[in-house]
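Colleague: Kindly return the folded structure for what I paste below:
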Amino acid sequence: MLKKGNKLYSILTGSCPKCHSESMYEKSNPYQLGSIFKMKERCSHCNTKYKIEPSFFYGAMYVSYAVGIAFAVAVFVIAFLIFDAGLLNTFIAIVITLIVFLPIIIRLSRNIWINIFIKYDPKAVTVY
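Modeller: Purely as a prediction, here's the structure:
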């Protein structure tokens, strides 16, 4: 299911959206909070520039809102509807989940945002 050429592969792995050959991030672990936003300048395989323009990833804030809502709705369904937790406990579960998964939400949002603008090209895998 998840193989190169699939946008979902690039989004979930954080790989280059054009060639899917390497990670866009300097550190692959999003929980290293000091380097959560640090990205490589270009892909070493296809030379794709990740920061297309200054402030390019500000648009990812809109995506992160939607991703955060998706996480919150999932926790609501699990806590309130399946486990029959009260509203206060469900609210606390949502807040804790959003705090714990914040680094993942940030990375997913950036991955989704850049994949909107850059398409996969199987011929792009050329080493410079």
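Colleague: Secondary structure element holding the residue nearest the centre of the chain?
Modeller: Nearest to the centroid of the C-alpha atoms of the chain, with distances taken as Cα atoms, centre = their mean, sits L108, at 1.1 Å. If you go by DSSP states H and E, L108 is part of helix 102-117.
Colleague: do you know how far the residue nearest to the centre of the chain is from C46?
Modeller: When Cβ to Cβ, to the nearest Å is the yardstick, L108 and C46 sit 22 Å from each other. In this view, the C-beta of every residue, glycine as well, is placed from N, C-alpha and C.
Colleague: got a pLDDT number for the residue nearest to the residue nearest to the centre of the chain when sequence neighbours are not counted?
Modeller: Spatial nearest neighbour of L108, excluding adjacent residues (Cβ to Cβ, 6 or more residues apart in numbering): V67 at 5.5 Å. pLDDT for V67: 98.
Colleague: check contacts around V67.
Modeller: Taking Cβ atoms under 8 Å, 6 or more residues apart in numbering as the criterion, V67 is in contact with I105, L108, S109, I112.
Colleague: Let me know the next secondary structure element after whatever helix or strand V67 lives in.
Modeller: Secondary structure from DSSP H and E places V67 in helix 60-76. Following the chain from helix 60-76 toward its C-terminal end, the next helix or strand by DSSP H and E is helix 87-100.
Colleague: Would you mind pulling up the elements that that following helix packs against?
Modeller: Under the contact criterion of 3 or more Cβ pairs under 8 Å, 6 or more residues apart in numbering; DSSP states H and E, helix 87-100 touches helix 60-76.
Colleague: And the helix it packs on, what's buried?
Modeller: Residues of helix 60-76 classed as buried under the neighbour-count rule (16 or more other Cβ atoms under 10 Å) are A60, V63, S64, V67, G68, F71, A72, V75, F76.
Colleague: Where does pLDDT dip in this protein?
Modeller: Within the chain, the set of residues satisfying pLDDT under 70 comprises 1, 125-128.
Colleague: Next, the contact list for G14, please.
Modeller: S23, M24, Y25, S28, R107, N111.
Colleague: Go through those and name the one nearest A124.
Modeller: Ranking the contacts of G14 by separation from A124, with Cβ to Cβ as the measure, puts M24 on top at 14.3 Å.
Colleague: Thank you, goodbye.
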